[in-house]
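A.B. asks: Quick one, what's the 3D model for this:
(chains A, B, C and D)
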There are 2 protein chains.
Amino acid sequence: MARRDTLSALEREVLSGLLGPERAVAAGTVLIAPGDRPSFSTFLVSGFCARFSVTAAGGRQLTEINVAGDFIDLHSLLMRQMDHGVVALADCVVAFAPHADLRRLTEQHPHLGRLLWLETVIDGAIHRQWLVTMGQQSAASRLAHLVCELYRRLEAAGLASDGQLKIPMTQTDLGDVLGLTPIHVNRVLMELRREGLIEWKGTQVTIPDWDRLATFAEFDPNYLRLQSDAV
Amino acid sequence: MARRDTLSALEREVLSGLLGPERAVAAGTVLIAPGDRPSFSTFLVSGFCARFSVTAAGGRQLTEINVAGDFIDLHSLLMRQMDHGVVALADCVVAFAPHADLRRLTEQHPHLGRLLWLETVIDGAIHRQWLVTMGQQSAASRLAHLVCELYRRLEAAGLASDGQLKIPMTQTDLGDVLGLTPIHVNRVLMELRREGLIEWKGTQVTIPDWDRLATFAEFDPNYLRLQSDAV
DNA sequence: CGCCAATTTGACCGGAATCAACGCAGGTGG
DNA sequence: CCACCTGCGTTGATTCCGGTCAAATTGGCG
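C.D. replies: Prediction:
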């Protein structure tokens, strides 16, 4: 969160005192089920997880990917009952921040409170951008856009550089993000490989030419608000 | 906002002091352009407007519909530069709340601040639900789902009842919400009419059998958080 | 080695886009 | 009053992206 605005020493101390002990979580675990009423918010220390909703037909839609450094259900402080679930896509380490402490923080440290608010607002901006890609872009552009977004976010977290990133997701997971069948994800991925836009082997992904991929994906990082911006 | 939690007399007074004079806005006006850095947030007194993004190919995606009683760019208090625009779909009346006043409010009245925060969090929940319908549902279900959402939200605002609501949107607008061409919106709408799920004449929409429509749309109003819930 | 999950490939199908008209109302001006 | 225009809604013919069904291949791991 420190990358969004400068923090005082006191503020840093308050933040670090917020989180309880760390806990390891295996890939595939449902961290929070839809309909839950958690009394704490979950901070993702490391790993990959995703917000999901399930439809009557059994389909699963992932609505956001969370990476190390994200609060994954901060909004449950305000919206008591979860409208979606959170699943670990890879092995994760998480830590919990009790809602009571978070609420006290917002009252005693308004600036930190605004930073937390900003985090939830950025989640909304990510959702909006995904809506734009879902409604207006081809399957290939959508996949490329997702890779661009993950690269920039992982880079900001110090987990990606030199066009290299790890995406610990199966093609089925990707389909659940993009609203595609895993078969079609595969076809589209092969197409991106043929075009030389992307290399993808296991979880290791390489972007040989960022500008070409970003252009193809119509990716504009503005919505991620990765630069510092006084709040 | 009063419908989300009970407010004290003082809080009601603070809220009502927040808004400047009202201003009428004609249908089609772009209230806020993408990239703007507004110094105030806009409250929609009456009318219909929508958040939108534009793609390189000239496509327009609407990412949320706003109805009377909504703050339409509250998040610009935190996220300075707009990641999207806001357009009036019908004639509207709006009023402005300066960011400076909003910020002071959050510091002096934490409970009201949390209610404002909740409003932005609900925007996120609406975005997530739209992502689910975009990724997992047919065009017909998506259109039905949109009608269900608008009905419940207009009902909460006292603007719909008895299965009757006004939706002042063209089929092109609907296509920009659903990610469809206006031609296909028309075909899908005719299908819903044939099935007796919906009547639609001009802006006047009738839902003859709510349960049947809600089932068809897989609509669960939970995400709208229309009931009161202490924050 | 054998199992199981994930990936890859192929044949075929269907929903939505595209292109092209046509109908219909409200408004405007001669 | 009627000719004309314009935006919106409706319909049809055709194309194509992505889904479905089925199966083969790869690869990690006990």
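
A.B. asks: Next up, the contacts around the nearest residue to A:S76 once chain neighbours are set aside.
C.D. replies: Spatially, and ignoring its direct neighbours in sequence, A:S76 is nearest to A:P38 (5.1 Å; Cβ to Cβ, 6 or more residues apart in numbering or on different chains). All C-beta spots, glycine's among them, are computed from the backbone N, C-alpha and C. By Cβ atoms under 8 Å, 6 or more residues apart in numbering or on different chains, the contact set of A:P38 is A:I32, A:D73, A:S76, A:M82, A:H99.

A.B. asks: what secondary structure does the spatially most central residue of chain A sit in?
C.D. replies: Nearest to the mean C-alpha position of chain A, counting by Cα atoms, centre = their mean, stands A:N66 at 2.5 Å. The local conformation at A:N66, judged by DSSP: H, G, I helix; E, B strand; the rest coil, is strand.

A.B. asks: Name the nearest of the contacts of A:P38 relative to A:R187.
C.D. replies: A:I32 (33.0 Å; Cβ to Cβ).

A.B. asks: quick one: the helices in chain A?
C.D. replies: A:9-16, A:99-108, A:110-136, A:139-156, A:171-178, A:182-194, A:210-217 (DSSP state H).

A.B. asks: what's the spacing between the longest one and its chain's center?
C.D. replies: Read it as helix A:110-136. What separates the centre of helix A:110-136 from the centre of its chain is 10 Å, taken as Cα atoms, centre = their mean, to the nearest Å.

A.B. asks: Nearest to A:S228 among the contacts of A:P38?
C.D. replies: Using Cβ to Cβ, these come closest to A:S228 at A:D73, 24.8 Å.

A.B. asks: how about A:I183, what does it touch?
C.D. replies: Applying Cβ under 8 Å, 6+ apart, no residues contact A:I183.

A.B. asks: what does the one 3 residues further on give?
C.D. replies: Applying Cβ under 8 Å, 6+ apart to A:N186 gives the contacts A:Q171.

A.B. asks: Next one, pLDDT for it please.
C.D. replies: pLDDT for A:N186: 96.

A.B. asks: my read: A:D73 touches A:I32, true?
C.D. replies: Yes. With contact defined as Cβ atoms under 8 Å, A:D73 and A:I32 form a contacting pair (5.8 Å).

A.B. asks: So for these two, which sits in the more crowded spot?
C.D. replies: Shown here are A:D73 and A:I32; by other Cβ atoms under 10 Å in any protein chain shown, A:D73 has more neighbours (24 against 19).

A.B. asks: and chain A, which of its residues are near DNA strand C?
C.D. replies: Residues of chain A lying close to DNA strand C by Cβ under 7 Å from any atom of the strand are A:T170, A:Q171, A:T172, A:P182, A:I183, A:N186, A:R187, A:L189, A:M190.

A.B. asks: Mind giving me the ChimeraX select for these, buried ones only?
C.D. replies: Remark: buried members of the residues of chain A next to DNA strand C, expressed as a ChimeraX selection using 16 or more other Cβ atoms under 10 Å in any protein chain shown:
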select /A:171,189
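
A.B. asks: so can I have JSON lines of the residues of chain A next to DNA strand C showing distance to A:S16?
C.D. replies: Shown next, in JSON lines, are the residues of chain A next to DNA strand C (distance: Cβ to Cβ, whole Å):
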{"residue": "A:T170", "distance to A:S16": "35"}
{"residue": "A:Q171", "distance to A:S16": "38"}
{"residue": "A:T172", "distance to A:S16": "37"}
{"residue": "A:P182", "distance to A:S16": "41"}
{"residue": "A:I183", "distance to A:S16": "46"}
{"residue": "A:N186", "distance to A:S16": "43"}
{"residue": "A:R187", "distance to A:S16": "46"}
{"residue": "A:L189", "distance to A:S16": "40"}
{"residue": "A:M190", "distance to A:S16": "45"}
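
A.B. asks: related to what we said a few turns ago, just name the closest of the contacts of A:P38 to B:V94, please.
C.D. replies: Using Cβ to Cβ, the contacts of A:P38 come closest to B:V94 at A:S76, 31.1 Å.

A.B. asks: and that closest one, what is it in contact with?
C.D. replies: A:I32, A:D36, A:R37, A:P38, A:S41, A:M82, A:H99 are the contacts of A:S76 under Cβ under 8 Å, 6+ apart.

A.B. asks: ok, of those residues, which come out buried?
C.D. replies: A:I32, A:D36, A:P38, A:S41, A:M82, A:H99.

A.B. asks: Point out the ones among these that are inside strands.
C.D. replies: Counted as lying in strands by DSSP state E, out of the buried ones among the contacts of A:S76, are A:I32, A:S41.

A.B. asks: Turn the buried ones among the contacts of A:S76 into TSV, including distance to B:Y223 and pLDDT.
C.D. replies: Below are the buried ones among the contacts of A:S76 laid out as TSV (distance: Cβ to Cβ, whole Å; pLDDT from 0 to 100):
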residue	distance to B:Y223	pLDDT
A:I32	15	96
A:D36	14	95
A:P38	17	96
A:S41	19	96
A:M82	10	96
A:H99	20	96
